[in-house]
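> Mind folding the following:
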Amino acid sequence: MLAISGSTGKAHSLKLCAEALVQAGPIVAIAGNYGPPISAVVGERKQWDWLVVEVSSFQLETVQAFRPDVGILLNVTPNHIDRHGDFQTYRQLKSAYLRV
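Predicted coordinates:
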C-alpha cells in the first residue's frame, strides 16, 4: 500500500503515482478519499500488487492501526482547524501514519 496525505495535492499525486506504477507493470487499485473507500476495494478480494490510497485528516482521526508500506506526506499547512481544534492536532493526524 502506498498512502498519500497532505493539505493540498493529494489527488493529483495519487493519480501520478498510480499511473507510474501501472506503466511499470504492477496491477494497481486506487482507493480512499479519491475513489472508492478502502474497505470496498479490499472487500473485493482481488489481487493487486499495489493499493494506492489518498488519506485525509478526517479519515486518519479515527484509525487505530494504519501502516502503509509507503507513506507520502506532501505538505501540511493550517487546514480544517474548525474540525481538529488547532494546527498541532491537524499536523499530528497527518503524520501519525508515517510512524513505524
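> Could you give the number of residues near residue 65?
Residues contacting residue 65 under the criterion other CB atoms under 10 Å number 5. For every residue, glycine as well, the C-beta is placed using N, CA and C.
> Now do the contacts for it.
Under the criterion of CB atoms under 8 Å, 6 or more residues apart in numbering, residue 65 has no contact partners.
> Roughly how far does the nearest residue to residue 5 once chain neighbours are set aside sit from residue 24?
Leaving out its chain neighbours, the residue that sits closest to residue 5 by CB to CB, 6 or more residues apart in numbering is residue 55, at 4.7 Å. Counting by CB to CB, to the nearest Å, the separation of residue 55 from residue 24 is 23 Å.
> what residues does stretch 7-15 touch?
Residues contacting stretch 7-15 (CB under 8 Å, 6+ apart): 4, 6, 30, 32-34, 52-56, 72, 74-77, 79, 94.
> PyMOL command for the buried members of those residues?
For anyone working in PyMOL, the buried entries among the contacts of stretch 7-15, judged by 16 or more other CB atoms under 10 Å, can be selected with:
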select buried, resi 4+6+30+32+33+34+52+53+54+55+56+72+76+79+94
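> mind listing which of the contacts of stretch 7-15 are in strands?
4, 30, 32, 52, 53, 54, 72 (DSSP state E).
> List the beta-bridge partners for the fourth one.
Put plainly, it is residue 52. Counting by DSSP bridges, residue 52 is bridged to residue 2, residue 30.
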